[in-house]
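# Could you look at this predicted model? Sequence included:
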Amino acid sequence: MSRTESEEKARLLKAVAFHIHKKEAPEDALTQCFEAEGRGGKHRQWRQAQAALDSDGFVPALVVGGLIGQEAAQVLMVVEKAGDHRLLSSALNALVEYYENDSD
């Protein structure tokens, strides 16, 4: 994975984790981050992910957006179902650390 791709994933996941830590619903946090990305000229990139979010939910949208793989999705679905915003935020931040270390 390229350095830029890892950095982009880390940046977006960090923003989502921040919003979730502040007790925003995961879907709302992701929508807000997709909208912010759209204002930066990347709206087309997130259109499919937003459609997945609207139809299938939070974790599938992360997969469609290319932010996580299938293995991480399986774990995040369990974490999301637990309903603990701090746990979900921590799991996302662990992925951020992975992507940040991957770009070194």
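Yep, that arrived.

# who touches residue 13 in this structure?
Contacts for residue 13 (CB atoms under 8 Å, 6 or more residues apart in numbering) come out as 67, 92-93, 95-96, 99. Any C-beta I mention is one placed from the backbone N, CA and C, and that applies to glycine too.

# what two of the residues you listed have the greatest distance between them?
Greatest spacing in those, by CB to CB: 67 and 93 (13.3 Å).

# Is residue 67 in a helix, a strand, or coil?
coil (DSSP: H, G, I helix; E, B strand; the rest coil).

# I'd assumed residue 15 was in contact with residue 92.
No - Residue 92 is beyond contact range of residue 15, at 9.7 Å (criterion: CB atoms under 8 Å).

# of the two, who's got more company?
residue 92 (27 against 18; other CB atoms under 10 Å).

# State the pLDDT value of the most centrally placed residue in the chain.
In the chain, the centroid-proximal residue (CA atoms, centre = their mean) is residue 13; its distance is 4.3 Å. Residue 13 is assigned a pLDDT of 96 by the prediction.

# Buried ones in the helix or strand hosting it, by neighbour count?
Using DSSP states H and E, residue 13 sits within helix 3-21. Neighbour counts over helix 3-21 (16 or more other CB atoms under 10 Å) mark 6, 8-10, 12-17, 19-21 as buried.

# Show me which of the residues you listed is closest to residue 38.
Closest approach between those and residue 38, by CB to CB: residue 12, at 12.1 Å.

# Next, the contact list for the residue nearest to that closest one when sequence neighbours are not counted, please.
Distance criterion CB to CB, 6 or more residues apart in numbering; nearest residue to residue 12, sequence neighbours excluded, is residue 33 at 5.9 Å. Taking CB under 8 Å, 6+ apart, we find residue 33 in contact with 12, 15-16, 19.
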